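Enquirer: Coordinates only, no sequence provided:
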């Protein structure tokens, strides 16, 4: 069993993530393990170096700045 996944006194399954945060409750150990795997894969996708817009160039920010302000 994974040490990050544990069961509380009420039967819910949880796992620890970075920063002392807790995710859960899950109905079973298998669901908690699946949730942990999804969390780890989503974190690794963000870190893997895929293309990201620079914060100031993000399309949503550009459109927001170009909107005409009404008085």
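Expert: Received the coordinates, thanks. Just so you know, these numbers come straight off a predicted model, no measurement behind them. Numbering: from 1, shown residues only.
Enquirer: What is the strand or helix carrying residue 43 packed up against?
Expert: In the assignment (DSSP states H and E), residue 43 maps to helix 29-47. For helix 29-47, the packing partners by 3 or more C-beta pairs under 8 Å, 6 or more residues apart in numbering; DSSP states H and E come out as strand 5-7, strand 13-17, strand 21-26. In this view, the C-beta of every residue, glycine as well, is placed from N, C-alpha and C.
Enquirer: Residue 25 reaches residue 7, doesn't it?
Expert: No. In this structure, residue 25 is not within contact of residue 7 by C-beta atoms under 8 Å, at 9.2 Å.
Enquirer: any residues in contact with both of those two?
Expert: 13, 14 (C-beta atoms under 8 Å, 6 or more residues apart in numbering).
Enquirer: Next, the contact list for residue 15, please.
Expert: Contacts of residue 15 (C-beta under 8 Å, 6+ apart): 2, 4, 5, 6, 22, 23, 24, 32, 33, 35, 36, 39.
Enquirer: can you tell me which residues contact the fifth one?
Expert: When contacts are counted by C-beta under 8 Å, 6+ apart, residue 22 touches 14, 15, 16.
Enquirer: now residue 8
Expert: With C-beta under 8 Å, 6+ apart, residue 8 has these contacts: 14, 25.
Enquirer: Repeat the analysis, applying 10 Å as the threshold.
Expert: By C-beta atoms under 10 Å, 6 or more residues apart in numbering, the contact set of residue 8 is 14, 22, 24, 25.
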